[in-house]
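1. have a look at this fold, sequence not included:
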């Protein structure tokens, strides 16, 4: 009989597919990136097949790697379903994702409510971008995610909204007449970035993205350094080191939404919706459109 495959190694393989890379998989699984690489090497050695290959500065799955991801999902799903049938009733683990914009202040509130409602559950939180979190919920890797809306096909429940503001470093000045303008933004794909570019273009500016980052701290640091203007959502005061650029037209607000994976216990989703909605109502003093 052939030696069995290691389920931990297969989970690593699926995590790479779900998160889009070795580093993100390491963050999601709370292990080091060398550990992720070692798991893949051990799988390749066991199967005597290359599963990942270099693609410029990044990596991608080989055809055999793609096939193994599909089979690994089936095996892990069957394994987890079997364990669930023998597990005690009630939630054992609740995984919640949130964007950086929404996490400040919200997660401690949600954590307290979920702990009180499900004292025996293990709570796991993940901070990431809206697109990544939405994909993770769709694949079942997250139970719940608080994401930014603002797109033409909203999903989940609207639970709040954040004001959009133009901000820049204290030494940055808006050109007196429309012309070249520097923009600091998140890496693509990013709805806020596209929204900022379209609005500035409509105003007659020639937009150049002079700095970009995959996280909020990076965008704020670039704005503080005077590298350009940024369009960002806020529900509290603007951080020190940057100021609001008021001569530009206001951009309104962006909706915050809660999405839940298919099959999640309705009570958990309802608890989260109620908690988050109440939090944003307290912070902003606004009620959601259409909500009494």
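-> Perfect, I can see it now. Given the structure is predicted, the values throughout are model-derived calculations rather than measurements.

2. okay, now residue 199: neighbour count?
-> Here the count is done by other C-beta atoms under 10 Å, and residue 199 has 17 residues near it. C-beta coordinates here come from the backbone N, C-alpha and C atoms, glycine included.

3. tell me the contacts of residue 183?
-> Counting by C-beta atoms under 8 Å, 6 or more residues apart in numbering, residue 183 touches 193, 196, 197, 200, 207, 208, 209, 210, 228, 229, 230.

4. bridging residues for it?
-> Here residue 183 sits in beta bridges with residue 209, residue 229, going by DSSP bridges.

5. now the residue nearest to residue 180 when sequence neighbours are not counted: how far from residue 66?
-> Leaving aside its sequence neighbours, residue 180 sits nearest to residue 206 (C-beta to C-beta, 6 or more residues apart in numbering; 4.8 Å). Distance of residue 206 to residue 66, given as C-beta to C-beta, to the nearest Å: 42 Å.

6. again with residue 79
-> Residue 79 is 21 Å from residue 66, where distance means C-beta to C-beta.

7. same question for residue 48.
-> Separation of residue 48 from residue 66 (C-beta to C-beta): 17 Å.

8. compare those two (neighbour count), which wins?
-> Remark: of residue 48 and residue 66, residue 66 carries more neighbours, 12 against 6, as counted by other C-beta under 10 Å.

9. can you pull the contacts of that one?
-> Going by C-beta under 8 Å, 6+ apart, residue 66 touches no other residue.

10. which parts of the strand or helix carrying it are buried?
-> Element membership for residue 66, per DSSP states H and E: helix 63-86. By neighbour count with 16 or more other C-beta atoms under 10 Å, helix 63-86 contains the buried residues 65, 68, 69, 72, 73.

11. one more: stretch 84-103?
-> Quick answer for stretch 84-103 (16+ other C-beta under 10 Å): 91, 94, 95, 96, 97, 98, 99, 101, 102, 103.

12. hmm, who's touching the host helix or strand of the second one?
-> Of the helices and strands defined by DSSP H and E, residue 94 is found in strand 93-98. Here strand 93-98 makes contact (C-beta under 8 Å, 6+ apart) with 106-107, 110, 114, 118, 121-128, 133, 136-137, 141-147, 268, 272.

13. next: stretch 125-143.
-> The set of residues external to stretch 125-143 that reach it, using C-beta under 8 Å, 6+ apart, is 15, 18-20, 24, 28, 94-100, 103, 107, 111, 144-148, 155, 186, 189-191, 214, 259-264, 268.

14. next step: those restricted to helices.
-> Judged by DSSP state H, these include 15, 18, 19, 24, 28, 100, 103, 107, 111, 191, 268 as members of helices.

15. of those, grab the buried ones for PyMOL.
-> To isolate the buried members of the ones in helices among the contacts of stretch 125-143 in PyMOL, using 16+ other C-beta under 10 Å:
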select buried, resi 15+18+19+24+28+103+107+191+268
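
16. out of the ones in helices among the contacts of stretch 125-143, who's nearest residue 281?
-> Nearest to residue 281 among these, counting by C-beta to C-beta, is residue 107 at 17.1 Å.

17. right, I'll leave it there.
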